[in-house]
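Novice: Have a look; sequence and predicted model below, questions after that.
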Amino acid sequence: MEQKRGFLLILFLVTLLSAKLSAQDPAYWRSDTFCLNTSIQYTFTITQNGQPPQSWAWSMPGANPDTFFSTTSDQSPAFSFSQAGYYKVVITVKLADGTDTSVYSDVLALDPSPPSNTLGNDSTYCGEFVRILDAGNPGSQYQWSTGEKTQTIQVDQGGVYTVDVSNACYTGQFSIELTQRNAPDLDLGPDGFVCNEAPKTLVAGDNSYTYLWQDGSQGIDFIVSEAGTYSVTKTDAFGCSSSDEIILKDSCPPDLYVPTAFTPNNDGKNETISPYTNGIRSLEWYVYDRWGELMFSTDQIGEAWDGTFRGKECPDGIYIWYLKAYDTNYGLHVQKGSFLLYQ
């Protein structure tokens, strides 16, 4: 170690440790750990070629008494820390030749009371989960029931987890229980069909659960008579939920009906004729007279015949119709029949 310019001697009186440094040594001196409110005292002696330093100053922000939040020029200041955390104690010296040097100590102040439990409360999870457990109390040593020795661990399964926390000021053990529960089984079945003539009942479970259907109802089952999307959320006593939905299409047989007569006599009643349809996607409708001549045709659902041909009223009598249609499930329907036209 370089000695030409003298030496700097610093003593920590609480533990009676000492360190020797020259003015050319790096600024970092050492790390110390203390319990809160423990009296700490550093002292120094220094000469340079037999000459004392011109001045010196200690800096210890956060220390007590609060005058040490700035600096003190005492040769052996006594101080303490009242809040846990990391601090820095620095001494800056102007040597006899006017040059400056400084060294510092990193100080960790620990609470001498039992460490705080930072694991949190026991918890229940529904299905898969990931949780970070933090033992807190930085600067301590850790021993988890999982065998890990870090401050934090990651867990993804239920169980009881414990950790031993210890340092120079305290020792403690903490635990937390994580319960993993399965979400309730729920299956409304595959998508399918329904008809208002044959309602379907969707069953979600039994009375040991609560239910919420898409319309806000809360029964165990739900009666469906119309096509649509239906859903339900099923919740157990622990708050774990499952949801499912089902899509039901219309399976009612399509309605195709042509009246047997109409009277286009301008009395405002029964003036036109057209097929009645329900569940039909598209159609073609043809009307013929008794000799087979085409009187009217359309491919528009709802378009009616008014009993005229080429702008003239057709005579009373029997007319033949032919119908080809596709329902909403693309099923083909072919029908034919007749109706009476009379004035």
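Specialist: Perfect, thanks for sending it.
Novice: residue contacts, residue 212?
Specialist: Applying Cβ atoms under 8 Å, 6 or more residues apart in numbering to residue 212 gives the contacts 218, 232-233, 235. All C-beta spots, glycine's among them, are computed from the backbone N, C-alpha and C.
Novice: where's the residue minimising distance to the centre of the chain, which helix or strand?
Specialist: Nearest residue to the geometric centre of the chain (Cα atoms, centre = their mean): residue 129, 11.1 Å. Applying DSSP states H and E as the criterion places residue 129 outside every helix and strand.
Novice: Quick check: neighbours of the helix or strand harbouring residue 142 in the sheet, parallel or antiparallel?
Specialist: Per DSSP H and E: residue 142 is located in strand 141-144. Next to strand 141-144 in the sheet, as set by DSSP bridges, lie strand 159-166 (antiparallel).
Novice: which of the contacts of residue 212 count as buried?
Specialist: Listed as buried from those are 232-233, 235; burial here means 16 or more other Cβ atoms under 10 Å.
Novice: would JSON lines of these with secondary structure be doable?
Specialist: Shown next, in JSON lines, are the buried ones among the contacts of residue 212 (DSSP: H, G, I helix; E, B strand; the rest coil):
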{"residue": "232", "secondary structure": "strand"}
{"residue": "233", "secondary structure": "strand"}
{"residue": "235", "secondary structure": "strand"}
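Novice: so which of those residues comes closest to residue 171?
Specialist: Among the buried ones among the contacts of residue 212, residue 235 lies closest to residue 171 (Cβ to Cβ), at 43.2 Å.
Novice: what's the spacing between the closest one and residue 217?
Specialist: For residue 235, the distance to residue 217 equals 14 Å [Cβ to Cβ, to the nearest Å].
Novice: Equivalent analysis for residue 255, please.
Specialist: For residue 255, the distance to residue 217 (Cβ to Cβ) stands at 30 Å.
Novice: name the element residue 326 belongs to?
Specialist: For residue 326, the host element (DSSP H and E) is strand 317-327.
Novice: List the buried residues for that strand?
Specialist: For strand 317-327, burial by neighbour count (16+ other Cβ under 10 Å) applies to 319-321, 323, 325, 327.
Novice: Just the closest of those residues to residue 133, please.
Specialist: Here the nearest of the buried residues of strand 317-327 to residue 133, counting by Cβ to Cβ, is residue 327; it sits at 61.2 Å.
Novice: got the phi/psi numbers for the residue lying closest to the closest one once chain neighbours are set aside?
Specialist: Excluding the flanking residues, the one nearest residue 327 by Cβ to Cβ, 6 or more residues apart in numbering is residue 254, at 4.0 Å. With angles defined as degrees, to the nearest 10, residue 254 sits at phi -70, psi 150.
Novice: which one among the buried ones among the contacts of residue 212 gets closest to residue 275?
Specialist: Scanning the buried ones among the contacts of residue 212 for proximity to residue 275, where the rule is Cβ to Cβ, the winner is residue 232, at 39.6 Å.
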